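1. Okay, here's the prediction I keep looking at, along with the sequence it came from:
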Amino acid sequence: MIRVVLPAHLRTLAGVGSEVSVEVSGSATQRAVLDALEKQYPALCGTIRDHVTQVRRPFLRFFACSEDLSHELPDAPLPEQVVSGVEPLLIVGAIAGG
Amino acid sequence: MSNVRVLVGTRKGAFILSADGKREKWDVSGPFFAGWEIYHVKGSTADPNRIYASQSSGWFGQVIQRSSDGGKTWETPGGGVNAEPGQMPKGESNKFVYDTTSANGAELHTHQWYDGTQHPWEFKRVWHLEPSLNDPDTVYAGVEDAGLFRSTNGGQSWSELAGLRGHGTGPKWQPGAGGMCLHTIVLDPQDPNRMYIAISAAGAFRTDDGGKTWKPINRGLVSQYIPDPTAEVGHCVHHIAMNKKRPGVLFMQKHWDVMRSDNAGDQWKEVSGNLPTDFGFAIDVHAHEPETIYVVPIKSDSEHFPLEGKLRVYRSKSGGNEWEPMTKGLPQKDCYVNVLRDAMAVDSLDSCGIYFGTTGGQVFVSPDAGENWTPIVQSLPAVLSVEVQTLP
């Protein structure tokens, strides 16, 4: 199982706590995790990446193991510690305010 | 005794304000969807317990919410449990995908950008949700960049009425300062095939065949801020209102100018008359007196607040031209709020109630057609929209 930490608004929207777990079959990539996340929580479809282009929404970023994965290719493998469930994949919204 | 339910969309959530027909004591519930921008909340006339809300944010995009119990509980129509094979795909209630070909074969890829170049259509948010007058599961969505979508399954999925963008003038449409939004949808209660919409800054359009084909209805509009002031399209229409008992007569608050049409938009004439300024956003019509109309004059397009710091609703009982300020109970000094285009509504009680919300977070009610005003709430987030349901 891959652990995913959601920003607060998406937790409310999906009706979940701060962290969820998803099962990914095949290669563990950003795309595969998001596919699984959207399948498990359909209310999240379109809120993290565009429905059609599948491009990450611009005010969101992906982090794991203290690394910024936002600009990794969607089909690049996730770090082993994420795949093994030791570390979560963090979906982080840009800071609001000033 | 009848009741009223006021549906308020704000920059940081939705609120529901409820009262009996006296409209003196109010119950306030919310915030719903706290922290999200709620551009519009509107109930179905076919089933008042069915309410739709447009929820959006710069971070997470568009979400459609739906209530089937008068706003007590909400759901994302496609966001429940996973679909079984053969069922409606889930998670598509916020999927607004432009059609890239129209019924007439024209390609629908670009519109005019601020600098006059062509720019791709890009979905940003739903500005306005208009439930069908007869079917609670049918609802129209006016979106930015300007397009019209329809759902016939309670908001679970949406398809574009692409004949609007494709009728020929689409590539000439241009955004206003607030974006290129389809913000007004008016359904004709006597002719289910007739519908009006308005776009900033393209103008007003009408269909007479249920949304398949459209035509601009901007004749008579004069806009000095565009190269051809009487162009077929390019006018910044802010809002259109109609009395349901007289659907051929329309009233319009344009960027500047208050207008009326007595022939379903085929020709407009200015009725600004003695208004102190004819810039504004909101306009509405009395529920029982089709010649009684309301506007909130705003100083100018660069100073979006009332003249002299006095919040005044202007009422005309003659269908325009002669206007009187309605001020009793409204702040008459140091008031620098705005009243946005979808933030005024009327109920249909015998003594018609008028409602409006401000960017300062106030929602005012006049239970006597504008004579006297009281604040229902005074400190909400900036109000984006106000709708009212009159309940038995």
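-> Now that the structure is in, tell me what you want to look at.
2. Show me the shaky parts of chain B.
-> Applying pLDDT under 70 to chain B picks out residues B:79-91, B:102-106.
3. what's across from the spatially closest residue to B:W158 that is not a sequence neighbour in the sheet?
-> Closest residue in space to B:W158, ignoring its immediate chain neighbours: B:F149 at 4.3 Å, by CB to CB, 6 or more residues apart in numbering or on different chains. Any C-beta I mention is one placed from the backbone N, CA and C, and that applies to glycine too. B:F149 has these beta-bridge partners by DSSP bridges: B:A141, B:E160.
4. Neighbours of B:Q332, how many?
-> B:Q332 sits with 15 neighbouring residues when counted by other CB atoms under 10 Å in any protein chain shown.
5. surely it meets B:P325?
-> No. Using CB atoms under 8 Å, B:Q332 is not in contact with B:P325; the gap is 9.8 Å.
6. coming back round to it: surely the residue nearest to B:W158 and B:E160 touch.
-> Yes. Counting by CB under 8 Å, B:F149 does reach B:E160; the two are 5.2 Å apart.
7. Overlap in contacts, these two.
-> The contact sets of B:F149 and B:E160 overlap at B:F96 (CB atoms under 8 Å, 6 or more residues apart in numbering or on different chains).
8. Going along the chain, name the helices of the chain.
-> Defaulting to chain A. A:8-14, A:30-40, A:80-83 (DSSP state H).
9. Partner strands of the helix or strand containing B:V126, with direction?
-> Using DSSP states H and E, B:V126 sits within strand B:125-131. Here strand B:125-131 is paired, per DSSP bridges, with strand B:139-144 (antiparallel).
10. next one: the partner strand to chain centre, how far?
-> 10 Å (CA atoms, centre = their mean, to the nearest Å).
11. pull the CA atoms of stretch B:281-288 into CSV?
-> Extracted C-alpha coordinates of stretch B:281-288, given in CSV (Å, rounded to 0.1, in the frame of the first residue of the first chain):
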residue,chain,number,x,y,z
PHE,B,281,-23.8,44.9,-11.8
ALA,B,282,-27.1,43.6,-10.3
ILE,B,283,-30.6,44.1,-11.6
ASP,B,284,-33.9,42.4,-10.8
VAL,B,285,-37.6,42.7,-11.4
HIS,B,286,-40.4,42.7,-8.8
ALA,B,287,-42.2,39.3,-8.7
HIS,B,288,-45.7,40.7,-9.2
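12. Show me the contact partners of it.
-> Under the contact criterion CB under 8 Å, 6+ apart, stretch B:281-288 has outside partners B:238-244, B:251-253, B:258, B:292-296, B:298, B:338-350, B:352, B:354, B:356, B:369.
13. Pull the distance from that stretch to the chain's centre.
-> 12 Å.
14. Quick check: B:I298 vs chain A, distance?
-> Between B:I298 and chain A the distance is 27 Å, computed by CB to the nearest CB, to the nearest Å.
15. in the sheet, who's paired with that residue?
-> B:F279.
16. which residues does it contact?
-> By CB under 8 Å, 6+ apart, the contact set of B:I298 is B:277, B:279-281, B:304-306, B:338-339.
17. Buried ones from those, can you make that a ChimeraX selection?
-> Applying 16 or more other CB atoms under 10 Å in any protein chain shown to the contacts of B:I298 leaves a buried subset, and the ChimeraX line that selects it is:
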select /B:279,280,281,304,305,306,338,339
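18. next one: phi and psi at the nearest residue to B:Q332 once chain neighbours are set aside?
-> Nearest non-adjacent residue to B:Q332, counting by CB to CB, 6+ apart: B:K310, 4.7 Å away. The phi/psi pair for B:K310 (degrees, to the nearest 10) reads phi -110, psi 120.
19. Pull the contacting residues for B:K310.
-> Neighbour list for B:K310: B:327, B:330-333, B:335 [criterion: CB under 8 Å, 6+ apart].
20. so how far is B:C335 from it?
-> Distance from B:K310 to B:C335, counting by CB to CB, to the nearest Å: 6 Å.
21. again, but for A:R56
-> 43 Å.
22. With B:S385 instead?
-> Applying CB to CB, the value for B:S385 to B:C335 is 20 Å.
23. Same drill for the two, tell me which one is more crowded.
-> A direct count of neighbours by other CB under 10 Å for B:S385 and B:C335 places B:S385 higher, at 27 against 17.
24. who's the residue nearest to the spatial centre of chain A bridged to?
-> In chain A, the centroid-proximal residue (CA atoms, centre = their mean) is A:I91; its distance is 5.0 Å. Here A:I91 shows beta-bridge partners A:F62, assigned using DSSP bridges.
25. Double-check it against A:L10; I have them as touching.
-> Yes. Applying CB under 8 Å, one finds A:I91 in contact with A:L10, separated by 7.3 Å.
26. any common contacting residues for these two?
-> In contact with both A:I91 and A:L10: A:I48, using CB under 8 Å, 6+ apart.
27. Run through the residues of chain A sitting next to chain B.
-> Contact residues (CB under 8 Å from any CB of the partner chain) of chain A with chain B: A:7-10, A:13, A:38-48, A:50-52, A:57, A:59-60, A:93-94, A:96.
28. Can you tell me which of those are classed as buried?
-> Neighbour counting by 16+ other CB under 10 Å classes A:7, A:9-10, A:13, A:38-48, A:50-51, A:57, A:59-60, A:93 among those as buried.
29. my read: B:F32 touches B:F15, true?
-> Yes. Contact status for B:F32 versus B:F15: in contact at 7.3 Å, counting by CB under 8 Å.
30. Which one's more surrounded, these two?
-> Using other CB under 10 Å, the more surrounded residue of B:F32 and B:F15 is B:F15, with 26 against 22.
31. how far away is that one from B:L133?
-> For B:F15, the distance to B:L133 equals 25 Å [CB to CB].
32. just B:M326 next, same as before
-> Distance from B:M326 to B:L133, by CB to CB: 29 Å.
33. next one: B:Y52
-> B:Y52 sits at a distance of 14 Å from B:L133 (criterion: CB to CB).
34. Report how many residues lie close to B:D27.
-> If you count neighbours by other CB under 10 Å, B:D27 ends up with 10.
35. pretty sure B:Y52 is in a strand, no?
-> Yes. Counting by DSSP: H, G, I helix; E, B strand; the rest coil, B:Y52 is found in a strand.
36. That one against B:T138, yeah?
-> No. In this structure B:Y52 lies outside contact range of B:T138 using CB under 8 Å: 10.8 Å.
37. First-to-last residue distance for stretch A:7-25?
-> Taking CA to CA, to the nearest Å, stretch A:7-25 runs 24 Å from one end to the other.
38. before we move on, the earlier item: and for B:Y52 and B:T138, which residues touch both?
-> B:P131.
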